[in-house]
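> based on what follows, work out the 3D shape:
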Amino acid sequence: MAIKLTSDPRYSKADVPPALIRSTLQIARLRGHSVERLCRGLGFSVEELSNADMRVSYRQTSQLIRRVQQVVRDPALGLSAGSRQTIISLGLPGLGMLTCRTLGEAIAYVAEHEQDAGALLHHRYAAEGKLFSIEVTPRLYDPELEPYLVEEAFSCDVAIARSLIGAHFNPIRVDVSYAKPDHAAAYGAFFKCPVRFGMSVNRLVTDARWLEYSLPTYEEFTCPFLQSQLESLMPRRLERNDLLESIAAHLRAHLDEPRALLETAQEFNISERTLRRRLADLNVSYRSLVDQARHERAVDLLRRTSGSLSEIALATGFSDARNFRRAFKRWTGMLPGDFRRGSSPAVTAPESALSA
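You can find the predicted model right below:
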């Protein structure tokens, strides 16, 4: 018996930025559809997609893509989404590519940060003689969605390369493992090279000489330290369950008006009992998630703003400064005023409840 995709624990791990969701929703918005409605019930809002810390799971991404496919009905949707990608679409890894000397170095850089760029496919890069190839394989077995993911990945790779070194960049050949679709002509129009369907692998092949092309954005004295700064902004993160990530994002968005467990359960279209059980299965309490969100917001406000303790208390869901002080002392072992004055700059945050 085949194993259901949803039984794979990787299906619900919220471990990638929502880059693919953003690019897919851009197409839906351009075609006149409500992106807010498309996101409803998936555990995140459109506003949360702009959060740098936002992470989503394969489940959330695949469900969103299928929804957009149903309403847009563009057989070349993957090509449309990927071809619109820019360096900025890749986030910090994309900006890091701009600090590289050559296209080859830029590819090596983004390969190192594949997950930070939001990739849902594994990329394998190989240089053999005069040829350079990019081979992609799905993270999870999902043949129904694979054509979309491969279309989006390869068209994104080519669009990024063209943005870096010019519109004259073209692959030599593109091979894909699925059958020839009705919109096969769109492949040739975009890639401007032969495309072979029903092959054993998903592979894009190009001339290895492209790797030596110098990037116009490289600056000898500035780029090395810029790259170092970007590296510091991309810490290796623990894998997170998408339910916990979704609840945390929801709590962060409503800290000034705290949500009870029942209200949060209703937001995710499940019963309070079911949500409580699912959290228990993950060894996480709802209160710990609320505390984590409040703690993070409080630390941020104390560091970045000059607001009074009463104002910060209200912004983090407390009725008054006294209750806020008591909670902050419990979280950090010190009072918020002492924290703000920097009497102990090496304060360690409590272990995150999101690292299930």
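
> I'd guessed N241 sits against A14; true?
Yes: if you go by CB atoms under 8 Å, N241 and A14 touch, sitting 6.3 Å apart. To be clear about C-beta, it is placed using only N, CA and C from the backbone, and glycine gets the same treatment.

> show me which of these two is the more surrounded one.
Using other CB atoms under 10 Å, the more surrounded residue of N241 and A14 is A14, with 27 against 22.

> how is the chain partitioned into domains?
Using automatic domain parsing, the domain parsing of the chain gives 8-232, 242-340.

> worst average pLDDT in these?
Lowest mean pLDDT within the domains of the chain: domain 242-340, at a mean of 85.

> what about it, distance to the chain center?
23 Å (CA atoms, centre = their mean, to the nearest Å).

> show me where the chain has its strands.
Counting by DSSP state E, the chain has strands at residues 121-128, 131-138, 173-175, 195-196, 202-207.

> out of those strands, flag the one nearest A159.
Checking the strands of the chain against A159 by CB to CB gives strand 202-207 as the closest, at 12.3 Å.

> so what secondary structure elements neighbour the closest one?
Contacts defined by 3 or more CB pairs under 8 Å, 6 or more residues apart in numbering; DSSP states H and E place strand 202-207 against strand 131-138, helix 146-165, strand 173-175.

> between the ones you listed, which gets nearest to V71?
helix 146-165 (14.4 Å).

> next one: the closest one to chain centre, how far?
Using CA atoms, centre = their mean, the offset of helix 146-165 from its chain centre is 17 Å.

> ditto for stretch 22-32
With CA atoms, centre = their mean as the basis, stretch 22-32 stands 17 Å off its chain's centre.

> stretch 209-227 now?
Remark: stretch 209-227 is offset 25 Å from the chain centroid, using CA atoms, centre = their mean.

> now list whatever residues contact both of N241 and A14.
S57 (CB atoms under 8 Å, 6 or more residues apart in numbering).

> V201: neighbour count?
Count around V201 with other CB under 10 Å applied: 12.

> could we number from 17 for the rest of this?
Sounds good: first residue 17 from here, last item V217.

> which residues touch it?
Neighbour list for V217: E151, T153, D191, S193 [criterion: CB under 8 Å, 6+ apart].

> widest-spaced pair of these?
Using CB to CB, those span at most 12.8 Å, a distance reached by T153 and D191.

> neighbour count for those two, which is higher?
Neighbour count, other CB under 10 Å: between T153 and D191, D191 has more, with 19 against 13.

> hmm, that one is touching G214, no?
No: here D191 lies out of contact with G214, judged by CB under 8 Å, at a distance of 9.1 Å.

> distance of L36 relative to L114?
According to CB to CB, to the nearest Å, L36 stands 21 Å off from L114.

> show me which of the two is the more surrounded one.
L36 (29 against 20).

> so the more buried one makes contact with I81?
Yes: applying CB under 8 Å, one finds L36 in contact with I81, separated by 7.4 Å.

> now list whatever residues contact both of these two.
In contact with both L36 and I81: no residue, using CB under 8 Å, 6+ apart.

> can you tell me how far D258 is from R341?
Per CB to CB, D258 is found 34 Å from R341.

> neighbour count: the two, which is higher?
Neighbour count, other CB under 10 Å: between D258 and R341, D258 has more, with 22 against 16.

> just checking, the more buried one touches S28?
Yes: using CB under 8 Å, D258 is in contact with S28, at 4.8 Å.

> ok, which of the helices and strands packed on strand 218-223 comes nearest M70?
Among these, the nearest to M70 by CB to CB is helix 162-181 (19.1 Å).

> how much does the closest one deviate in direction from strand 137-144?
Inter-element angle recorded for helix 162-181 and strand 137-144: 60 degrees (by axes from the mean of the first three to the mean of the last three CA atoms, to 10 degrees).

> next, the angle strand 147-154 makes with helix 162-181.
Using the same axes, to 10 degrees: helix 162-181 against strand 147-154 is 140 degrees.

> tell me what angle helix 162-181 forms with strand 218-223.
Using the same axes, to 10 degrees: helix 162-181 against strand 218-223 is 20 degrees.

> so who does L147 touch?
Applying CB under 8 Å, 6+ apart, we find L147 in contact with I188, V221, T222, D223, A224.

> now do 7 Å
Contact analysis of L147 by CB atoms under 7 Å, 6 or more residues apart in numbering lists V221, A224.

> give the bridge partners for it, please.
For L147, the beta-bridge partners are E144, D223 (DSSP bridges).

> surely A314 meets A343?
No: the pair A314 / A343 is not scored as a contact, 8.2 Å apart, by CB atoms under 7 Å.

> those two: who's more crowded?
Remark: of A314 and A343, A314 carries more neighbours, 25 against 19, as counted by other CB under 10 Å.

> give me the distance between that one and S304.
Relative to S304, A314 is positioned 15 Å away (CB to CB).
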